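Novice: Quick one, what's the 3D model for this:
(chains A and B)
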There are 2 protein chains.
Amino acid sequence: MKITRAHGNGGRQTAELLEKVFFPRFSSAPLNERADASSLPIAGHTIGHTIDGFVVSPYIFEGGDIGKLAVCGTVNDLAVSGFRPLYLSAAFMIEEGFALSELERVVTSMQQTAAASGVTIAAGDTKVVEKGSLDKIFITTAGIGTPFDDEMPSFQRLHPGQSIIVSGDVGRHGACIYSHNSDLGLDQHVASDCEPLVDIITQIKKSCHPAFMRDLTRGGLATALNEIAAGASLGVSVQETSIPVSSQVAGLCDILGLDPLYLACEGRFVAIVDAAHQAETLQLLRAAHASAAVIGKVTAEHPGQVLLTTAFRGTRILDMLYYEMLPRIC
Amino acid sequence: MKITRAHGNGGRQTAELLEKVFFPRFSSAPLNERADASSLPIAGHTIGHTIDGFVVSPYIFEGGDIGKLAVCGTVNDLAVSGFRPLYLSAAFMIEEGFALSELERVVTSMQQTAAASGVTIAAGDTKVVEKGSLDKIFITTAGIGTPFDDEMPSFQRLHPGQSIIVSGDVGRHGACIYSHNSDLGLDQHVASDCEPLVDIITQIKKSCHPAFMRDLTRGGLATALNEIAAGASLGVSVQETSIPVSSQVAGLCDILGLDPLYLACEGRFVAIVDAAHQAETLQLLRAAHASAAVIGKVTAEHPGQVLLTTAFRGTRILDMLYYEMLPRIC
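Specialist: You can find the predicted model right below:
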């Protein structure tokens, strides 16, 4: 059996690979949580830790580049898990012949995004491989943070009736990468939503008591909602007409036959809050992105499943992502 | 200007790339230390953190594979910096078409080496790229540890008269990779020295008060000694005849025109101790590898330089590595 692109899509096949290869061998309490970032006891405290590899193609895209993405991906994983990002480390793998000026651009991007996220770049490594052994530049970032407060978001804090709020219109990053890669010869590209979420999550943590948060990366909104339903053993019910999708993303999806609910975001997240905190959460999120919206709620019914009420008032099960046309979204 | 293989050799060009591209942008107190692992203040404590990318070719070699190497590289960086490794995270980048059975082999290797090092694998990530965009499998590991004790090894603790001890014969890992890659059609390969150093360093920390330790990776013994001389602004004086090199490594170096002092090791380190602790340090190291040896001392003379007394009683400056024939040693 061979590794296929689908094993890296963040959806069902990735989950199968984790279950078959990684979890049986790397079994540990932090990994078993299946969170975006791991909670690690250390010297009587808890720290958050996460690692992510970035292989996006093209490495410069509308609205960002692999450097910005590599910082956002890691600080966002920490923040949605309830940790204020403090330190970031970065390992570069570079193809021989890559222009030094391009590396400087990518590293400057990382510097700016790290500053905007309040993290210190604390360790690094660089490897160069011979031409043809790696496509231009890959970056892996690891992050370390400390809890924002004592109220860690967790599946255990989810219960029926809570509101599911998305922080802005979905699918921009995936649509961006498709618009660069497709053979349509598009001369305009969708701008990625890639951005650090540390500031907005700091605000929400202060007053909205989010029970759970997850950033929408590979597999998009649909996959994140499925992970939530499975992790909490509760149902998730969302309304298609409430889910914000920009006309530009919707248009590209129509042309390419894609579903925006499965497209990756790199600067969007869902927050699940008690009904009492819905209005304030929405207000804070809308101050950053007017498209933020309440899209549904947690239910006692259909545990483990995500039900989508469609624009035509029908209902269908929204499954995890199970294929990926493009292998290098992030 | 383009990135060349030499920028990844761990020697002079790597240092230039760091000075030109990374340090000006990523300036931070932990990075400025230029240590194998960074000391990070967090919640009133100090933790050690490091990250390393692994692109070794071939990914399975005599005495190990990329999985074992990726764990050893990171736990060893922590241990020589005075931190007991506690947690490890791993990001995999895999070429589409890679055999699942091979991935299982590599992951099993990581599991075994992590267990032997006493670290918990706490976080992970997997990316798959399309065929031709990456040569088989690359792994990045990040590590987190806590100080073994209050006596952190540092350049500041170095002073003239201290003994420099190497933990075993040098150059095996580099010679191993050369023996796999060379066009000599060798059917016997040198076995890599790749191994975790956590146990032996735990023992040495208990009773030998090492002032400084550094593992010998890219650039080999000569580069590590130069980093020590530069970092401490002291001289380093070593005797060529005292430096242990196996006959197999020496023979391969003769054939290929290589200098074993510049060949990478992945399971060797130098410990610098006061003369009073030399005998006990050597005894502990020899119990693990009979080839461990006192190779020289720290001097007040020729600060910043490494002087090698040759077999013929001459003296020459041992410079940093300034070229690399092979781009993917680790």
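
Novice: Now the residue in the stretch 101-250 of chain A that chain B sits nearest to, what are its backbone angles?
Specialist: Using Cβ to the nearest Cβ, the single residue of the stretch 101-250 of chain A nearest to chain B is A:Val128, 2.9 Å away. To be clear about C-beta, it is placed using only N, CA and C from the backbone, and glycine gets the same treatment. Main-chain dihedrals, A:Val128, degrees, to the nearest 10: phi -120, psi 130.

Novice: what does the one 5 residues further on give?
Specialist: In this entry, A:Ser133 is assigned phi and psi values of phi -100, psi 0 (degrees, to the nearest 10).

Novice: Once you drop chain neighbours, what's closest to it?
Specialist: B:Asp135 (4.0 Å; Cβ to Cβ, 6 or more residues apart in numbering or on different chains).

Novice: give the contact list for that neighbour.
Specialist: Contact analysis of B:Asp135 by Cβ atoms under 8 Å, 6 or more residues apart in numbering or on different chains lists A:Val129, A:Gly132, A:Ser133, A:Leu134, B:Val55, B:Ser57, B:Glu95.

Novice: Give me the pLDDT value at it.
Specialist: The model reports B:Asp135 with a pLDDT of 97.

Novice: likewise A:Gly185?
Specialist: Value listed for A:Gly185 in the pLDDT field: 77.

Novice: Is it in a helix, a strand, or coil?
Specialist: coil (DSSP: H, G, I helix; E, B strand; the rest coil).

Novice: ok, it to A:Ala250 distance?
Specialist: Distance, A:Gly185 to A:Ala250, by Cβ to Cβ, to the nearest Å: 20 Å.

Novice: Which one's more surrounded, those two?
Specialist: A:Ala250 (14 against 5; other Cβ atoms under 10 Å in any protein chain shown).

Novice: Could you verify my assumption that the more buried one touches A:Asp259?
Specialist: No. Under the criterion of Cβ atoms under 8 Å, A:Ala250 makes no contact with A:Asp259, lying 10.6 Å away.

Novice: Which residue is the nearest non-sequential neighbour of A:Thr299?
Specialist: Counting by Cβ to Cβ, 6+ apart, the residue nearest A:Thr299 is A:Gly235, at 3.8 Å.

Novice: what's the answer for A:Ala99, then?
Specialist: B:Lys2 (6.0 Å).

Novice: how about the one you found, what does it touch?
Specialist: A:Glu96, A:Gly97, A:Phe98, A:Ala99, A:Leu100.

Novice: and what of A:Leu221?
Specialist: Here A:Leu221 is in contact with A:Val166, A:Val170, A:Gly171, A:Ile243, A:Leu261, A:Tyr262, A:Cys265, A:Arg268, A:Val270 (Cβ under 8 Å, 6+ apart).

Novice: tell me the contacts of A:Ser95?
Specialist: If you look again at residue A:95, you'll see it is Glu, not Ser. A:Val128, A:Val129, A:Lys131, A:Gly132, A:Ser133, A:Leu134, A:Asp135, A:Lys136, A:Ile137, B:Ile3.

Novice: With secondary structure and distance to B:Leu321 as added columns, please give those residues in JSON lines.
Specialist: Shown next, in JSON lines, are those (DSSP: H, G, I helix; E, B strand; the rest coil; distance: Cβ to Cβ, whole Å):
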{"residue": "A:Val128", "secondary structure": "strand", "distance to B:Leu321": "14"}
{"residue": "A:Val129", "secondary structure": "strand", "distance to B:Leu321": "18"}
{"residue": "A:Lys131", "secondary structure": "coil", "distance to B:Leu321": "21"}
{"residue": "A:Gly132", "secondary structure": "coil", "distance to B:Leu321": "24"}
{"residue": "A:Ser133", "secondary structure": "coil", "distance to B:Leu321": "21"}
{"residue": "A:Leu134", "secondary structure": "strand", "distance to B:Leu321": "22"}
{"residue": "A:Asp135", "secondary structure": "coil", "distance to B:Leu321": "27"}
{"residue": "A:Lys136", "secondary structure": "coil", "distance to B:Leu321": "26"}
{"residue": "A:Ile137", "secondary structure": "strand", "distance to B:Leu321": "23"}
{"residue": "B:Ile3", "secondary structure": "coil", "distance to B:Leu321": "17"}
